[in-house]
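>>> give me the fold of what follows.
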Amino acid sequence: MTLCDTVFTRRSVRKYDKEPLNEDVLKNISDYLDRLENAGQMTGQKANFEIVGTDKVRGPSPHYILAYCGKNDSAYANVGYVLQKMDLYIQSLGFGSLYLGVKKPRDASDDFCILLAFGRTSVPSGKVKKNSADFRSARCPLQTTWPRALQELPRPQGTHSHGN
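Numbering: from 1, shown residues only. Okay, the predicted model is just below:
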């Protein structure tokens, strides 16, 4: 699945299977998050991220990405920038995700910002949104404005787009 496909088919998922993802898939998601945490943040910003389970967060999914940052608009924008990449990546693997802005982990520190829930779901994959073809045709070709959008997203070894 390309980044463009994922942008037009992503959805917020509120129902998850309680069974955790396998260790290989979690490692792949963690590795991708590490790359973003180390080199994918906005200039001048440094947020921290952590993948946790239901032992730290009580909620609908088996996994969560916790974001920690300073209390200013630039820091919040940076967290959104990184988590949106994670959201699209997780969705491209065939899993569901959902931002939970009000929910907090147990023992949250002062610099906790937001969390992203994710996991396997029985909710069907998103369909191309209505009028997205019209939206696409009215714009410059993606090859011109964003050549990397049509590339396949990195895929963990041994996984398929439907998850494991």
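>>> contacts and neighbour counts: CA atoms only from here.
Will do.
>>> does Gly96 have beta-bridge partners, and which?
Gly119 (DSSP bridges).
>>> what about it, neighbour count?
Per other Cα atoms under 10 Å, the neighbour tally for Gly96 reads 29.
>>> now swap in Ile65 and tell me
Close neighbours of Ile65, defined as other Cα under 10 Å, add up to 21.
>>> which helix or which strand is home to the residue lying closest to it once chain neighbours are set aside?
Of all residues not flanking Ile65 in the chain, Ile51 sits nearest, at 4.5 Å (Cα to Cα, 6 or more residues apart in numbering). Following DSSP states H and E, one finds Ile51 within strand 48-52.
>>> equivalent analysis for Phe8, please.
Per DSSP H and E, Phe8 falls inside helix 3-9.
>>> same check on Arg35?
Assigned by DSSP H and E, Arg35 falls in helix 23-39.
>>> buried sites along the helix holding Phe8?
Leu3, Cys4, Asp5, Thr6, Val7, Thr9 (16 or more other Cα atoms under 10 Å).
>>> stretch 94-108 too?
Under the neighbour-count rule (16+ other Cα under 10 Å), stretch 94-108 has Gly94, Phe95, Gly96, Ser97, Leu98, Tyr99, Lys104, Pro105 buried.
>>> any low-confidence regions in this protein?
Low-confidence segments of the chain (pLDDT under 70): 1, 3, 124-164.
>>> quick one: the helices in this protein, in order.
In the chain, the helices defined using DSSP state H lie at 3-9, 23-39, 73-92, 132-137, 142-145.
>>> could I get the ones you listed as TSV with distance to Asp111?
Listed next are the helices of the chain as TSV, based on distance: least, Cα to Cα, whole Å:
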stretch	distance to Asp111
helix 3-9	29
helix 23-39	16
helix 73-92	11
helix 132-137	38
helix 142-145	36
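>>> tell me which of the ones you listed sits most buried.
helix 73-92 (a mean of 20; mean count of other Cα atoms under 10 Å).
>>> now do it: which elements does it pack against?
helix 3-9, helix 23-39, strand 96-100, strand 112-119 (3 or more Cα pairs under 8 Å, 6 or more residues apart in numbering; DSSP states H and E).
>>> next one: Val25 from Leu93, what distance?
With distances taken as Cα to Cα, to the nearest Å, Val25 is found 9 Å from Leu93.
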